[in-house]
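Below are the sequence and a predicted model; questions follow.
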Amino acid sequence: MLRRTSLVAASLLVAGGLALTACSGGGAQPTPTAVGEPDPDASVAIRLVLEPGNLDIRETAGSALDQILVDNIYQGLVARTPEQDIVPALASDWTVSPDGLTYTFTVREGVTFHDGQQLTPQDVVWSLTTRRDTPEWRDSARLANVSTIEADGQDVILTLSDPDSTLLWNLTGRAGIVLKEGDTVDYQTGANGTGPFVLADWRQGDSITFTRNEAYWGDPSGAAEVVFDYIPDNQAALNAALAGEIDVLTGFDANLREQVEANGDFAMVLGQSTDKGTLAFNQTDGSPLEDKRVRQAIRQAIDHDAIVEALAAGQTQYGPIPELDPGYEDLSDVAPYDPEAARALLEEAGADDLELTLTIPNFYPTTIPQILVSDLDEVGITLEVESVDFTTWLTDVYTNQDYDLSFVLHTEARDFENWANPDYYFTYDNPEVQELYAQSLAATDEAEAADLLQDAARIVAEDHAADWLYNGASVIAVGTNITGMPSINVNERLDVAEIAKSNG
Amino acid sequence: MIRYALTRFALLLLGLLVASVLIFVTLRVLPGDVASVIAGVGSTPAQQDAIRERLGLDRPLPAQYLEWIGGLFRGDLGTSLLTGSRVVDQLAQKAEVTVPLGVLSLLIAVVISVPLGVLSAMRRGRAEGTALSVGAQALAAVPVVWAGMMLVVVFAVWLGWLPAQGFPRAGWDDPAAALRALILPALTIGIVEGAMLLRFVRSATLQAVGQDFVRTAAAKGLTRDQALIRHGLPVVGLSVITVLGLQVAGIIVGAVVIEQLFSLPGIGRMLVADVAARDLPMVQGELLALTGFVLVVGFVVDLVHRGIDPRQREAT
């Protein structure tokens, strides 16, 4: 139905005689340059896809929360740029001891929370300690290596039991968020952070509005107000943009480029992302996928270039680590597209007339399963597609590990740890990989840590622990009067402080 | 009449009770729970269990049901497991969108269907009558989503007269903007429902033409059309009221789809999101409210019908 509708809408647009502009190239481009003067009083409307269920950053999972709340509302000692570099935030600077066991952060002075309370080093100590000691809070395990957290004057000192090369990165995420000790805010519907924006309004099922934090310690935000409009359907979002109701579209479909650029008010920007279209194989005992040859055959039967082409964005990825993350290596030699080889492998494994089920959450486009069904059919595997809602996926696939194949877009940056966790739903258990990952964690040198990850990632790919169908792109359409819109990995984190809108 | 109303009211209560059990039980059949949504990917089973326990999802089902029904008698539909907000408050807030949308859709459906349906019946056999009848047949077959999309492309994207989606954040504080936001969605539902209703009005009118009392009236010197309008249409009106009652259910279903399409923050969109998140207290409250609404409309329609139509009174 959706497909038919968009086709009809598209042909109508064409029939309307609207000029179609040419496509511009891919890759990370700067967002369009506005011609007019930025308007400091402007309100910018941004279309997002996935609305958070509640705003409780402590406990509730989901990148929908990180995407808008971290950086904009809540901050940690350190932050990350869209380019994935680690930069100071609530700490003005920090030092790491040569043995990698002591981190000393200098907490900025003169920082206030949105309700006017002062940020103290004790708040930092309390936040990190509580996070570490409360298993129900998200990412608490990421601070497991931290044995003591103490304040000394304006400094906060973290002492580790073992070196942890991921600690700083983890502090840029949920694990490092600084809350006010003893705060009484209702975290499910409210927020009290130190960021450049204040939560102004949440209309559940509709939109979330941020307004500029006038008492912000850093540079004030470019826009006075940012409204996040939750519009799941791409066609509805496109209509809203063309009708002038939305300034920026995120999570867009690159195939709609011509339509959104048609009247010259928008430009499409493709940025890199850490979105990994992951085809998980249940390789537990008794599954046909326990046989490595079957897994390899499936990988070699899939035309990854065709998938990227169908999505009109992103790139191929043949291993567990995407290009933006440390440890990336081009692993396309491990499982090149070769249906002939796939058939031979299946025969060798004695897996004739294999019938498998693909469990996929129903909010993904049907393009992916369609290609998989036809590619696998080509080598004699019958694929049945079971489209389920995400909650069912969480129970059946994630928790109960009851599936053959599963497709989910894993958006998190630097999440290699899942391949070193035999209990994760990937069901992949290789002690060598686990050891390499542990060594990488314990490394005190960044380059060394990355090299160890790279070695581990190659083994995972060579084991055909899963297939990586593509490394997605951040597809955004930005109004030509908008500046400062980040384009990299915006599905995971969207820092809107620099976005400005001109009236020209 | 009073005895009838009381019996009918008892039936209404019984209907609600049955509905509440059905809603409660069928929702428990769905796989997955809100605890897994809150804990999410990256959680351990122990974390999920802790959340489940905190939310009371581990308690026996009869206890959960009794608590829900007990609250219902105090006008309390419980609180959302996900957001902690009261179901009643959320329903009231979203009703500000859905109720006007439904009323507007119904009005549009009636305005379209009644005059055109009568006209189509009176002009039966002639070109315009056939055209109306065929047109209604075609329109009634149009999927609501497609109709909505077409209206958006024409009136929002091309002409720029009306908003393509969303509802003003100021809500009904700015009535003009709120109304503008509802016009396209209401037209979408109204046209499709109206087309269905038109066919009903047409056949009811044709039936009325064949009735003895219309023929008698015509025999007394009125033209066929005059006889139909004076004596036939009141009967048609009665059956239209009945069908309108049924139509309310169709409009609610339409609203679920249309609120998605137009990103309207109404009950339909809330229902879809809450089902996806397995926020069962919310879904229970929403479904019960909608079911209750349809049942009450049916109740009122029956009473009105009986009050107006003398033939029914004599029958019992």
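Received the coordinates, thanks.

Check which helix or strand whichever residue of the stretch 351-500 of chain A sits closest to chain B maps to.
Taking C-beta to the nearest C-beta, chain B has its nearest neighbour within the stretch 351-500 of chain A at residue A:391, 3.5 Å off. Every C-beta, even on glycine, is put in place using the N, C-alpha and C of the backbone. Assignment of secondary structure by DSSP states H and E places residue A:391 within helix A:390-393.

and that helix, what's its mean pLDDT?
Over the span of helix A:390-393, the pLDDT mean works out to 92.

Can you report how many residues lie near the residue in the stretch 1-150 of chain A that chain B sits nearest to?
With C-beta to the nearest C-beta, the shortest gap between the stretch 1-150 of chain A and chain B falls at residue A:61, namely 2.1 Å. With neighbours defined by other C-beta atoms under 10 Å in any protein chain shown, the count for residue A:61 comes to 22.

Under the pLDDT cut-off, which ranges of the stretch 251-400 of chain A? List them.
When the per-residue scores of the stretch 251-400 of chain A are filtered using pLDDT under 70, no range remains.

What residues does it have near chain B?
Neighbours of chain B within the stretch 251-400 of chain A, by C-beta under 8 Å from any C-beta of the partner chain: A:389, A:390, A:391, A:392, A:393, A:394, A:395, A:396, A:398, A:399.

circling back to that earlier point, is the residue nearest to the residue of the stretch 351-500 of chain A closest to chain B when sequence neighbours are not counted in a helix, a strand, or coil?
Counting by C-beta to C-beta, 6 or more residues apart in numbering or on different chains, the nearest residue to residue A:391 once its immediate chain neighbours are dropped is residue B:32, at 3.5 Å. Counting by DSSP: H, G, I helix; E, B strand; the rest coil, the backbone at residue B:32 sits in coil.

what ranges do the helices span in chain A?
In order along the chain, chain A carries the following helices (DSSP state H): A:2-15, A:63-69, A:121-133, A:167-171, A:234-242, A:257-261, A:292-301, A:304-311, A:339-348, A:367-378, A:390-393, A:431-442, A:446-462.

tell me the mean pLDDT over the third one?
To tie it back to what came earlier, the one meant is helix A:121-133. This predicted structure assigns helix A:121-133 an average pLDDT of 97.

Pull the residues that contact that helix.
A:58, A:77, A:90, A:105, A:107, A:137, A:139-140, A:143-144, A:146, A:149-156, A:158, A:175-181 (C-beta atoms under 8 Å, 6 or more residues apart in numbering or on different chains).

Narrow those to those in strands?
A:105, A:107, A:146, A:149, A:150, A:151, A:152, A:155, A:156, A:158 (DSSP state E).

Touching, the last one and residue A:100? I think so.
No - no contact is recorded between residue A:158 and residue A:100 when judged using C-beta atoms under 8 Å, the distance being 11.2 Å.

ok, and what's touching stretch B:91-108?
The contact list for stretch B:91-108 (C-beta under 8 Å, 6+ apart) reads A:205, B:77, B:167, B:171-172, B:178-179, B:182-183, B:185-187, B:189-191, B:193-194, B:244, B:247-248, B:251-252, B:254-255, B:258-259, B:264-270, B:285-286, B:289.

show me the contacts for the closest residue to residue A:500 other than its chain neighbours.
By the measure of C-beta to C-beta, 6+ apart, the closest residue to residue A:500 outside its immediate chain neighbours is residue A:222, 3.3 Å from it. By C-beta under 8 Å, 6+ apart, residue A:222 lies in contact with A:38, A:40, A:483, A:484, A:497, A:498, A:499, A:500, A:501.

Quick check: the residue of the stretch 201-316 of chain B nearest chain A.
Checked against chain A (C-beta to the nearest C-beta), the nearest residue in the stretch 201-316 of chain B is residue B:265, 3.6 Å away.

Switch the residues of the stretch 251-400 of chain A next to chain B over to TSV; also include neighbour count and distance to residue B:68.
Listed next are those as TSV, based on neighbours: other C-beta atoms under 10 Å in any protein chain shown; distance: C-beta to C-beta, whole Å:
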residue	neighbour count	distance to residue B:68
A:389	17	23
A:390	23	25
A:391	22	20
A:392	20	23
A:393	26	27
A:394	27	24
A:395	21	22
A:396	19	27
A:398	24	28
A:399	19	26
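
Just the closest of these to residue B:122, please.
residue A:389 (49.8 Å; C-beta to C-beta).

What separation do you get for that closest one and residue B:16?
Residue A:389 is 28 Å from residue B:16, where distance means C-beta to C-beta, to the nearest Å.

Phi, psi for the residue of chain B found nearest chain A please.
Evaluated by C-beta to the nearest C-beta, chain B has residue B:40 as its residue closest to chain A, separated by 2.1 Å. When read as degrees, to the nearest 10, the backbone of residue B:40 gives phi 70, psi -180.

buried ones in whichever strand or helix holds residue B:297?
Under the criterion DSSP H and E, the helix or strand holding residue B:297 is helix B:280-308. Along helix B:280-308, the positions that meet the burial threshold by neighbour count (16 or more other C-beta atoms under 10 Å in any protein chain shown) are B:280-291, B:293-295, B:297-299, B:301-302, B:306.
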